[in-house]
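Asks: Let me see the structure of the following:
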Amino acid sequence: MPGLFSDMTKLVPPPPTALTDARLQLHHAAQIAASFGYTFVPPRPDWSHTSLTWNRNHQALISAETDGVRVGLRLADCTLVVFDGAESKHACPLSGKTLEDGYAWLEETLTAMDSETMGKPLVRPDHELPTHPVGTDASFSLEEKAAFEAVSAWFDFADGRLRLLGEEYPHMTPVACWPHHFDIARVILLSPDADQSKDPSVGVGLSPGDHAYAEPYWYVTHWPSPEGAELPPLPSGGHWHTEEWTGAVLPGSAFAHLDAASLTDAFLASAIASSLALIQEP
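Replies: Alright, predicted model coming up:
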């Protein structure tokens, strides 16, 4: 099995902040892949047409599909890939290129594939992103390639654990990476007909790092967050984050030399149970 499970050591590079530059570059690069959904995939009420899905076979985040075409970003080497059906037909390594180069390549490639349907400018995501030189026309760099491989391993690991949750919690949204925050997550709903925008829910996901934590971390959040509710202990590790948002957090550095899968599963089980109890209390 490719990715994480062939090399667990990639999950905890020393120190955890060693991934910061790579994940910021990938966060910006992911907007190019996401632009395909913004431009060509019919809009969906939950905006999932703009999300990306992890593909283990290709070790890439891949867009939704239109006419058999999808666009992905392979994380380990920061490469754009265009798929026609299940086959990867075109690839553009971004190392040494700028964001503008990436968008231009994708527009040209799609137009050459189907000028009538895809021969138009890409709609670029307009949300605010973390600051990085590639966002102001610097070139991508794979100088620290091991860090890119580590970010890829974290996404592979997270996708596998999140998919397993569906066996225990049947009313869940699909696993998705949201290009705005560059996290991979899914949401537990309390019933099959629940409205995610209005009804209580529990979010479960992994961030490769952000302004709150410079390292990868698991999170479990609950909505709504009962005002004044006492947050219960987390017996399987982790802690409650309460600044700007409320949720249970397990940082990647907690893994050390422990079994990452077992520690993650135990943390998610206890944090989800705690969050469900909070939103179900009368």
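Asks: what are the ranges of the helices in the stretch 51-200 of the chain?
Replies: Shown for the stretch 51-200 of the chain, the helices assigned by DSSP state H, counting those that start in this stretch span residues 99-113, 115-118, 145-165.
Asks: could these be laid out in JSON lines, adding distance to residue 270?
Replies: (C-beta placed from N, C-alpha, C; glycine too.) JSON lines is the format used below for those (distance: least, C-beta to C-beta, whole Å):
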{"stretch": "helix 99-113", "distance to residue 270": "41"}
{"stretch": "helix 115-118", "distance to residue 270": "47"}
{"stretch": "helix 145-165", "distance to residue 270": "13"}
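Asks: Name the stretch among the ones you listed that sits most buried.
Replies: Among the helices of the stretch 51-200 of the chain, the stretch with the highest mean neighbour count (mean count of other C-beta atoms under 10 Å) is helix 145-165, at a mean of 21.
Asks: now for it, which elements pack on it?
Replies: Helices and strands touching helix 145-165, by 3 or more C-beta pairs under 8 Å, 6 or more residues apart in numbering; DSSP states H and E, are helix 20-40, strand 52-55, strand 183-189, strand 201-207, helix 260-280.
Asks: Select, out of the ones you listed, the one closest to residue 154.
Replies: strand 201-207 (6.7 Å; C-beta to C-beta).
Asks: and the helices of the stretch 51-200 of the chain as CSV, adding distance to residue 176 and mean pLDDT?
Replies: Below are the helices of the stretch 51-200 of the chain laid out as CSV (distance: least, C-beta to C-beta, whole Å; pLDDT from 0 to 100):
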stretch, distance to residue 176, mean pLDDT
helix 99-113, 21, 97
helix 115-118, 23, 89
helix 145-165, 9, 95
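Asks: Residue 20 is nearest to which of those helices?
Replies: Closest of the helices of the stretch 51-200 of the chain to residue 20 is helix 145-165, at 8.3 Å (criterion: C-beta to C-beta).
Asks: Direction-wise, compare the closest one with helix 260-280 and give the angle.
Replies: 50 degrees (axes from the mean of the first three to the mean of the last three C-alpha atoms, to 10 degrees).
Asks: Let's see helix 145-165 as PDB, backbone CA atoms only.
Replies: This file holds the C-alpha atoms of helix 145-165, laid out as PDB (Å, rounded to 0.1, in the frame of the first residue of the first chain):
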ATOM      1  CA  LYS A 145      11.400  17.300  -0.700                       C
ATOM      2  CA  ALA A 146      11.200  15.200   2.400                       C
ATOM      3  CA  ALA A 147       8.800  17.700   3.900                       C
ATOM      4  CA  PHE A 148       6.500  17.400   0.900                       C
ATOM      5  CA  GLU A 149       6.600  13.700   1.200                       C
ATOM      6  CA  ALA A 150       5.700  14.000   4.900                       C
ATOM      7  CA  VAL A 151       2.700  16.200   4.200                       C
ATOM      8  CA  SER A 152       1.500  13.600   1.600                       C
ATOM      9  CA  ALA A 153       1.900  10.900   4.200                       C
ATOM     10  CA  TRP A 154      -0.300  12.800   6.700                       C
ATOM     11  CA  PHE A 155      -3.000  13.200   4.200                       C
ATOM     12  CA  ASP A 156      -2.900   9.600   3.300                       C
ATOM     13  CA  PHE A 157      -3.000   8.600   6.900                       C
ATOM     14  CA  ALA A 158      -5.900  11.000   7.700                       C
ATOM     15  CA  ASP A 159      -8.000   9.800   4.700                       C
ATOM     16  CA  GLY A 160      -7.700   6.200   5.800                       C
ATOM     17  CA  ARG A 161      -8.700   6.900   9.500                       C
ATOM     18  CA  LEU A 162     -11.600   9.200   8.400                       C
ATOM     19  CA  ARG A 163     -13.000   6.500   6.100                       C
ATOM     20  CA  LEU A 164     -13.000   4.000   8.800                       C
ATOM     21  CA  LEU A 165     -15.200   6.300  10.900                       C
END
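Asks: centre of the chain versus that helix, how much separation?
Replies: 9 Å (C-alpha atoms, centre = their mean, to the nearest Å).
Asks: Domain-wise, how is the protein divided?
Replies: Domain assignment for the chain by automatic domain parsing gives 13-136, 145-280.
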